[in-house]
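> I'll drop the sequence and a predicted model, then ask my questions.
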Amino acid sequence: MSNSPEYEGKAKQLIPTDDRNVVIQRFKNSATAFNGVKKGEFEGKGALNNAISSLLFSKLEAAGVPTHFISWDNATDMRVHRLQIIPLEVVVRNHVAGSLQKRTGLGEGTPLQPSIVETYYKKDELGDPILADTHVFALGILNADELETVKKAALAVNDVIRPVFADAGLKLIDFKLEFGWDSAGRLILGDEISPDTCRIWDAETNTKLDKDVFRHDLAGLIESYSVVAEKLGVDLNNPVEA
Ligand code: TMP
Ligand code: ASP
């Protein structure tokens with residue numbers, strides 16, 4: 001068994017195991033923004049994102065939402081089922097922020113009722129453009145039934161994790177998900193759910209506690225992610241509840 005990554009992304013590596021259908025997802029300390037234009041290294045980021053993701057995935061599994069998560073293995077490593085990732089970034093929005101704010105001119109933080117699900121083409125060289133459903137079909141990424149499955153699953157994820165954040169005094173503004181096919185041909189949730197891939201605000205003060213602090217130089221990344229972990233009650237050495 002080789003320990004060298006079979007895939008290296010901007011924030012994670014995938015390392016093969018002796019089971020073909022199981023891989024180690026290793027969380028790196030590097031952060032990038034604006035499609036890799038801005039870069040930084042933050043000691044402890046990998047451990048924070050691995051622990052927060054592990055907790056959220058375990059809550060999703062407990063609620064019957066299938067994910068690739070198998071186990072939290074150590075500070076930086078999560079054991080997951082191998083997926084063939086679909087080239088879509090599926091974004092759920094509960095409040096206006098980021099690119100939706102730019103596209104609509106609505107005020108940052110405006111609540112969205114109902115929550116919105118959007119799909120973006122996962123293609124760095126194109127800058128991940130937004131896709132209409134018809135584009136998803138015409139590009140042969142998913143058919144109508146599959147896209148409906150993905151959108152329903154994205155909203156099911158929101159229904160589980162939004163209250164988890166709310167109970168911790170945090171507002172889940174928006175987040176990005178990735179889905180893929182497992183070895184049994186099921187379309188399930190992969191990737192991570194962390195302050196790198198969500199917008200999370202303090203519910204009382206609206207202080208930003210996610211990657212926007214790095215994107216826009218608002219505050220310390222580790223300090224902000226640590227507040228999220230603390231409020232969620234995440235034990236960095238044993239994040240998944242028994
Ligand atoms: P956006 O408002 O920039 O479109 O981002 C929506 C959500 O998706 C936000 O929670 C940040 C997350 N996101 C990623 O995880 N990766 C990305 O490459 C981008 C652009 C956004
Ligand atoms: N994930 C993208 C990057 O690494 C963009 C972002 O999150 O802002 O550059």
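Nice, thanks for sending it over. Ligands and ions are numbered 1, 2, ... in the order given.

> CA atoms for contacts and neighbours, from now on please.
Noted.

> Would you mind measuring from the residue of the chain found nearest ligand 2 to residue 89?
Going by Cα to the nearest ligand atom, ligand 2 is nearest to residue 35 of the chain, at 2.9 Å. Per Cα to Cα, to the nearest Å, residue 35 is found 13 Å from residue 89.

> who has more neighbours, those two?
Between residue 35 and residue 89, counting by other Cα atoms under 10 Å, residue 89 is the more crowded of the two (21 against 13).

> Could you tell me which residues of the protein lie near ligand 1?
For the chain, the residues in contact with ligand 1 (Cα under 6 Å from any ligand atom) are 91, 97, 98, 99, 100, 174, 175, 176, 197, 198, 199.

> Just the buried subset of those, please.
Buried members of the residues of the chain next to ligand 1, counted by 16 or more other Cα atoms under 10 Å: 91, 97, 174, 175, 176, 197, 198, 199.

> which stretches of this protein aren't confidently modelled?
1-2, 242 (pLDDT under 70).

> Buried ones in the longest strand belonging to it, by neighbour count?
Selection of the longest strand in the chain by residue count, based on DSSP state E, yields strand 111-121. For strand 111-121, the neighbour count (16+ other Cα under 10 Å) marks 116, 117, 118, 119, 120, 121 as buried.

> what's the answer for stretch 138-151, then?
Residues 142, 147, 150, 151 are the ones in stretch 138-151 that count as buried (16+ other Cα under 10 Å).

> So which of those sit within strands?
Those of the buried residues of stretch 138-151 lying in strands (DSSP E): none at all.

> Closest to ligand 1 out of the residues you listed?
residue 151 (14.9 Å).

> Remind me what the top helix by length along the chain packs against, helices and strands.
Assignment by DSSP state H gives helix 144-167 as the longest helix of the chain. For helix 144-167, the contact count by 3 or more Cα pairs under 8 Å, 6 or more residues apart in numbering; DSSP states H and E identifies helix 45-62, strand 88-95, strand 111-121, strand 170-177, strand 187-189 as packing neighbours.

> List just the one of the ones you listed that sits closest to residue 239.
Closest approach to residue 239 among the helices and strands packed on helix 144-167 is made by helix 45-62 (5.4 Å; Cα to Cα).

> Report the next helix or strand after the closest one in sequence order.
strand 69-74 (DSSP states H and E).

> from the chain's centre, how far out does that following strand sit?
With Cα atoms, centre = their mean, to the nearest Å as the basis, strand 69-74 stands 16 Å off its chain's centre.

> just checking, residue 106 touches residue 96?
Yes: contact status for residue 106 versus residue 96: in contact at 6.9 Å, counting by Cα atoms under 8 Å.

> out of those two, which sits in the busier spot?
residue 96 (22 against 12).

> so who does the more buried one touch?
For residue 96, the residues meeting the contact criterion (Cα atoms under 8 Å, 6 or more residues apart in numbering) are 106, 107, 108, 109, 110, 111, 112, 173.
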